[in-house]
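Undergrad: here's a sequence, model it:
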Amino acid sequence: MNLRDISGLIFIIGLGLLLGAVLKTLAYDNILTGAVGTAILNNAATEVGTANIVTSVLLAYRGLDTLGELTVLFVAATAAGLVLGQRRPEAVHDPDAGFILRSAADLLSPFLILVGIYIILHGHLTPGGGFQGGAILAAAFFVPILASPASPFNHKVSSLVEGLAGAAFIIIGLIALFDKGYFLAPLLGTGEVGQLFSAGSLPLLYLAVGLKVGAELAGLLARLHETEASD
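TA: This is a model prediction of the structure:
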């Protein structure tokens, strides 16, 4: 078993442990009623410490749903990878796009990485976050492949990052569950609202989401491009 398989296994085991812990501690007789949205708007800044209220919903109040979205993306990417993973022996790469496009892609890729990281790390302050930033990171690694099929893309590294990022998200959530009493409760204090180092562990969660989404989408797009090149 290689590191890629181990990282995926850690994610699956962590997801199972999380679901077991939630089913054990969740109070089913407490049904939410009333103006939930108004309550979140009034309390999110003090309880979670985020200037962007959407982040508090995605990563704190509705964290289980976000984990479900990551799981769906993981399953979809895995299924697509299994379908697209087998390449025919006669596969022929598309020709190189040329010096101008190849150079432009190489220059654009670092800027896309910077923008993606910026959007991920500032998701608790401004609109953005892990899903949007992860999509930009995926584009940063996929654009050079479009310009030159010979551009290296390591599927093993991508899968390893994906599995470890998903495991990190679950581990942080479980630590919060047993320490604070509910899944994805902010750890490390809320800090001062509006500052970069605020919202506790939520920026770390967004970083895990961004890396997982970016690795999954980049790997899927690379597989799709390889399959189309073989036609």
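
Undergrad: which strands and helices sit next to the longest helix along the chain?
TA: If you go by DSSP state H, the chain has its longest helix at helix 202-229. Counting contacts by 3 or more CB pairs under 8 Å, 6 or more residues apart in numbering; DSSP states H and E, helix 202-229 packs against helix 53-56, helix 63-84, helix 99-121, helix 130-147, helix 155-180. C-beta here means a position set from N, CA and C on the backbone, and glycine is covered the same way.

Undergrad: just those: most buried one?
TA: By mean neighbour count, with neighbours taken as mean count of other CB atoms under 10 Å, helix 130-147 ranks first of the helices and strands packed on helix 202-229 at a mean of 22.

Undergrad: and it, what does it pack onto?
TA: Packed next to helix 130-147, using 3+ CB pairs under 8 Å, 6+ apart, are helix 99-121, helix 202-229.

Undergrad: helices and strands around the shortest one, which ones?
TA: Meaning helix 99-121. helix 130-147, helix 202-229.

Undergrad: report the angle between the first one and helix 202-229.
TA: If you take axes from the mean of the first three to the mean of the last three CA atoms, to 10 degrees, helix 130-147 sits at 30 degrees to helix 202-229.

Undergrad: picking that back up, now the longest helix of the chain: average pLDDT?
TA: Across helix 202-229, pLDDT averages out at 82.

Undergrad: export the helices and strands packed on helix 99-121 to JSON lines and tack on distance to H155?
TA: Formatted as JSON lines, those follow (distance: least, CB to CB, whole Å):
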{"stretch": "helix 130-147", "distance to H155": "11"}
{"stretch": "helix 202-229", "distance to H155": "6"}
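
Undergrad: I40: which of those is closest?
TA: If you check each of those against I40 by CB to CB, helix 202-229 wins as the nearest, at 14.4 Å.

Undergrad: the inter-axis angle of that closest one versus helix 155-180?
TA: Going by the same axes, to 10 degrees, helix 202-229 makes 150 degrees with helix 155-180.

Undergrad: and helix 202-229, what's buried?
TA: For helix 202-229, burial by neighbour count (16 or more other CB atoms under 10 Å) applies to 202-223, 225-227.

Undergrad: before we move on, the earlier item: I'd like the helices and strands packed on helix 202-229 laid out as CSV, including mean pLDDT and distance to S198.
TA: CSV is the format used below for those (pLDDT from 0 to 100; distance: least, CB to CB, whole Å):
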stretch, mean pLDDT, distance to S198
helix 53-56, 85, 11
helix 63-84, 77, 18
helix 99-121, 88, 12
helix 130-147, 87, 17
helix 155-180, 83, 16
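
Undergrad: now distance to A39 too, for these, in TSV please.
TA: TSV is the format used below for the helices and strands packed on helix 202-229 (distance: least, CB to CB, whole Å):
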stretch	distance to A39
helix 53-56	12
helix 63-84	17
helix 99-121	28
helix 130-147	25
helix 155-180	18
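
Undergrad: which one of those helices lies closest to G194?
TA: Per CB to CB, nearest to G194 of these: helix 53-56, 12.6 Å.

Undergrad: give me the contacts around the closest one.
TA: 40-41, 44-45, 47-48, 50, 123-124, 127, 129, 199, 202, 206 (CB atoms under 8 Å, 6 or more residues apart in numbering).
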